[in-house]
Each structure stands twice: as C-alpha cells, then as structure tokens.
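Peer 1: Let me see the structure of the following:
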Amino acid sequence: MRTLSLLLYSAVAGFAQGPVSDAHTLEALLSEVHQLRIALERSNGIAPRIQIAVERLKLQQEQVARTARELADLRRELDGNRSNLTRMQQHLQSVENAESQETDLARKRDLGDALKMAKLENEQVEKSLQQLQLHEGELAGQMQSEQSRLTELNDRLDQIERALNVQ
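Peer 2: Down below sits the predicted model:
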C-alpha cells in the first residue's frame, strides 16, 4: 500500500513537472499501479485460504497424534494380555497335570474346581484379547485414513505454495 502511494505521488509529481508528451510515462505508471492492485487482490484472496489450510493441517496433525497414542496404548494392552494369557495357559497346564496325578479324591476334586475356574478365566482373557485385536484393526485403519487426510492437506498446501511461486 505504501508502494502504491509512492508510485501515485511520483506519477502526479511527474505529471505536474513534465509536458503533455509524457503521456507514455503516465500510462506506464498507471499500468504498474493496475498490476500492483491485481497482485494485492490476489494476495488478499489467497491469504485466507492459506490460513484455513494451515489450521486444518494442525487439526489433522493433532488427530493423527491422538490416534497414534490410542493405537500405541492399545498395543501395549494387547501385549500385556498376551503375556497374561501365556501365564494363564501355563498355569492351566500345571493344574491339569496336578489333577491327573493326584490320588487323594478331596484334593483331586479341589484341583478339578480350580481347573474349571482357570479354564473360564482363560476363555474370558481369550475373548478380551480377540476384542482388543478387532479394535486394533479398526484403529489401524483409522490411523491410515487420518494419515491419508494429512497427506492430502500437505499436498493442498504444496499446491498453494507452487501457485504463489508461479505468480
């Protein structure tokens, strides 16, 4: 805007000093002012689009980070459940072995009850593990989708940047 004022002042000063034959200079200055106006209009039109794209990019980055944290937490939980399941299966196996080797009927009955409980717990942990694995698949898909959106937004910003460099 300051440049525009300076150019207009120069044009008026030049017009006041020069003869009518300086019409060519005045026409060149007016053309330059017109080009500056077009550049300013273009800049004013692009700035809000850039701001919107940058804000969307920030929000999408936050969403990707949030989904990544959720996926990492879920995978830690899955790892814990898998190791818990392994321990439970080992315990189940040892109770089965102890029950099959036990000769005392009361003790064998107690081990049979413990074996039933261990099998129930084992089934519950397996079901829980299956549900967590399904949720992991869903989250992994969501993560991929969120990253695709982030890539699209980055591409859009790159396009705007290239458009600005061309002009």
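
Peer 1: Which parts of this structure are helices?
Peer 2: Counting by DSSP state H, the chain has helices at residues 2-17, 23-101, 105-166.

Peer 1: In terms of mean pLDDT, which of these ranks lowest?
Peer 2: The stretch with the lowest mean pLDDT among the helices of the chain is helix 2-17, at a mean of 52.

Peer 1: List of residues touching stretch 132-142?
Peer 2: With contacts defined as C-beta atoms under 8 Å, 6 or more residues apart in numbering, stretch 132-142 is touched by 67, 70-71, 74-75, 77-78, 81. The way it works is simple: take the backbone N, C-alpha and C, and place the C-beta from them, glycine included.

Peer 1: could these go into a markdown table alongside neighbour count and distance to L111?
Peer 2: As requested, the contacts of stretch 132-142 are exported to a markdown table (neighbours: other C-beta atoms under 10 Å; distance: C-beta to C-beta, whole Å):
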| residue | neighbour count | distance to L111 |
| --- | --- | --- |
| T67 | 18 | 46 |
| E70 | 14 | 42 |
| L71 | 17 | 41 |
| L74 | 17 | 36 |
| R75 | 14 | 36 |
| E77 | 15 | 31 |
| L78 | 16 | 31 |
| N81 | 17 | 26 |
